[in-house]
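structural data only, the sequence is not supplied:
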């Protein structure tokens, strides 16, 4: 009776729409569909299990973040045998950066399967990456590290990670510029002021002063973005003078 019951359960599981969704996205045969139910449940649903524990993707996101970092670290350790710890850490941060994970989650179409009580326009800007990390966490718990690593390599690392291009990618133009300014003993100052104009949305205008001269200006919807944007514009003015520092950022 036990074996027959297992067959019935296994058969019914395969007919669950979630089974097909997970298999088409990950390429694996999911065993515990309850994990993936959590992946595709937004906090706004306010669902709980029989023990009163919240059913949403947040805890799996936390786990997936750690597992993803380990998978990427192992990949870099193998592919870059000459790089030291600092260089490997920097390369890993370039791969697991939030905007890149958002791109992967969006490419996989994860948000299409998300159950929520709020419209998509009200989701946070990083929902795509959060869902991807949650899915990584679910695959790890459901099928183990090796299967999870295969999934990450197939959907992210192999098609989208180019180590040569990443080597020259700048994560923070501000950090790069400040380092260069300080090494060359140049006097600089960032100035940020509110600059809404005729727009309803709050904007900020950033200026970068270098030796009492404004070298770049930029506007954005928050102070951090404005500073990074003005730094990027300034960087292209000095890029031919900035040599080896870039590899540290």
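In hand now; what should we look at? Predicted model, so just to flag it, every value in this text is computed and none were measured.

give me the next element, helix or strand, following the helix or strand harbouring residue 130.
According to DSSP states H and E, residue 130 maps onto helix 127-143. Next in sequence after helix 127-143, counting helices and strands by DSSP H and E, comes helix 145-152.

quick one: that next one to chain centroid distance?
Chain-centre distance of helix 145-152: 18 Å, with Cα atoms, centre = their mean, to the nearest Å.

tell me the buried residues in whichever helix or strand comes after that helix?
Downstream of helix 145-152, the first helix or strand assigned by DSSP H and E is helix 158-160. Counting neighbours by 16 or more other Cβ atoms under 10 Å, one finds that helix 158-160 has no buried residues. To be clear about C-beta, it is placed using only N, CA and C from the backbone, and glycine gets the same treatment.

could you identify the helix or strand that succeeds helix 158-160?
Following helix 158-160 toward the C-terminus (DSSP H and E): helix 163-167.

if you skip the residues just before and after it, what's nearest to residue 149?
residue 71 (4.9 Å; Cβ to Cβ, 6 or more residues apart in numbering).

residue 148 is in contact with the one you found, correct?
Yes - Residue 71 lies in contact with residue 148 (Cβ atoms under 8 Å); the separation is 7.0 Å.

list the residues that contact both of the two?
Overlap of the contact sets of residue 71 and residue 148 (by Cβ atoms under 8 Å, 6 or more residues apart in numbering) is empty.

where does the prediction get shaky in the protein?
1-12, 197-200, 243-249 (pLDDT under 70).

show me the domain layout of it.
2-167, 173-248 (automatic domain parsing).

any residues touching the helix or strand encompassing residue 218, and which ones?
Per DSSP H and E, residue 218 falls inside strand 213-220. The set of residues external to strand 213-220 that reach it, using Cβ under 8 Å, 6+ apart, is 195, 203-209, 226, 228-234, 237.
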